[in-house]
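> mind folding the following:
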Amino acid sequence: MIDWREAGRRIRAREPGAATAPVTYGLIALCCAVFLLSPLSGLAPVRGSADALLAAQAGYFERWGVIPSELLDGSAHAALTPLTALFVHGSWLHLLGNMLFLYVFGSMAEERMGRAEFAFFYVCCGYFALVVYAVVHSDSDQTLVGASGAISAVLGAFLHLFPRSRVTSLFPFLFFLPLRFPAWIVLVFWFVLQWLAARSAGSGPGVAYLAHVAGFAAGFLYSWGRFRGGVRVKAPARATEGESKP
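Numbers count the residues shown, from 1 in each chain. Model prediction:
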């Protein structure tokens, strides 16, 4: 689970680097705006009954989300959906969880990579993660949406760039005590959980764990190839991550 109090302290403190991550904040603002203006938020005006709202939501998913069985049909619209799906979220909880993870980990990764490169990295890794899931489950008609694949890539890059950063986490088997561990312990543990869940998950409704695994691996490998000859930051950094998936 996420340690919300620690995340709040980070926001109030406005640590170094907080004002130098316009891409991260821009992505958060864009995802929030897309959700608020969509029929999924419940705030956008939709004429008609509850059935009309459900129909509008279903149509919204089909238009902007990835449908694995249609992705490889060669149409331009289907090829574009792994990009548009990165900015679509299915619920308030889905949106807020992803955006908190992006805020905590994205700003430091962006500062290290640079604005343009981070934007390129985020979009490409997110696109890749959704395509991997769709190809493996190519017979599925379930729509796939969310930034989880891209944010998982940010976590993978963070693992390589800031492995010794102290990460505050809450674990159920430790009675939800807020404990701080090196980032490499928490993120490797998170990746193993996603991998195990992906092996047992199907292609039906639920969490696309395979997209998390693909995104995390892509982010780590990109960072390793791009920055392995550079200087990595070893100083402790406030960051919040836990057992919850992004």
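
> may I see the buried residues of stretch 67-78?
Applying a neighbour-count criterion of 16 or more other Cβ atoms under 10 Å, one finds 67-68, 70-71, 78 buried in stretch 67-78. All C-beta spots, glycine's among them, are computed from the backbone N, C-alpha and C.

> and for residue 33, the neighbour number?
Using other Cβ atoms under 10 Å, residue 33 has 11 other residues around it.

> where's it relative to residue 41, distance?
Using Cβ to Cβ, to the nearest Å, residue 33 is found at 10 Å from residue 41.

> same check, this time on residue 112
Distance from residue 112 to residue 41, by Cβ to Cβ: 33 Å.

> more crowded one of those two?
More neighbours surround residue 112 than the other of residue 112 and residue 41, with 21 against 15 (other Cβ under 10 Å).

> residue 165 is in contact with the more buried one, correct?
No. Residue 112 is beyond contact range of residue 165, at 11.7 Å (criterion: Cβ atoms under 8 Å).

> what strand or helix carries residue 69?
Element membership for residue 69 (DSSP states H and E) is helix 68-71.

> my bad, residue 93
Going by DSSP H and E, residue 93 is part of helix 92-113.

> helices of the protein, start to end?
Secondary structure of the chain (DSSP state H): helices at 4-13, 22-37, 50-64, 68-71, 76-84, 92-113, 115-136, 148-161, 183-200, 209-227.

> export these to a markdown table and tack on distance to residue 142?
Listed next are these as a markdown table, based on distance: least, Cβ to Cβ, whole Å:
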| stretch | distance to residue 142 |
| --- | --- |
| helix 4-13 | 31 |
| helix 22-37 | 20 |
| helix 50-64 | 10 |
| helix 68-71 | 7 |
| helix 76-84 | 13 |
| helix 92-113 | 15 |
| helix 115-136 | 10 |
| helix 148-161 | 15 |
| helix 183-200 | 15 |
| helix 209-227 | 12 |
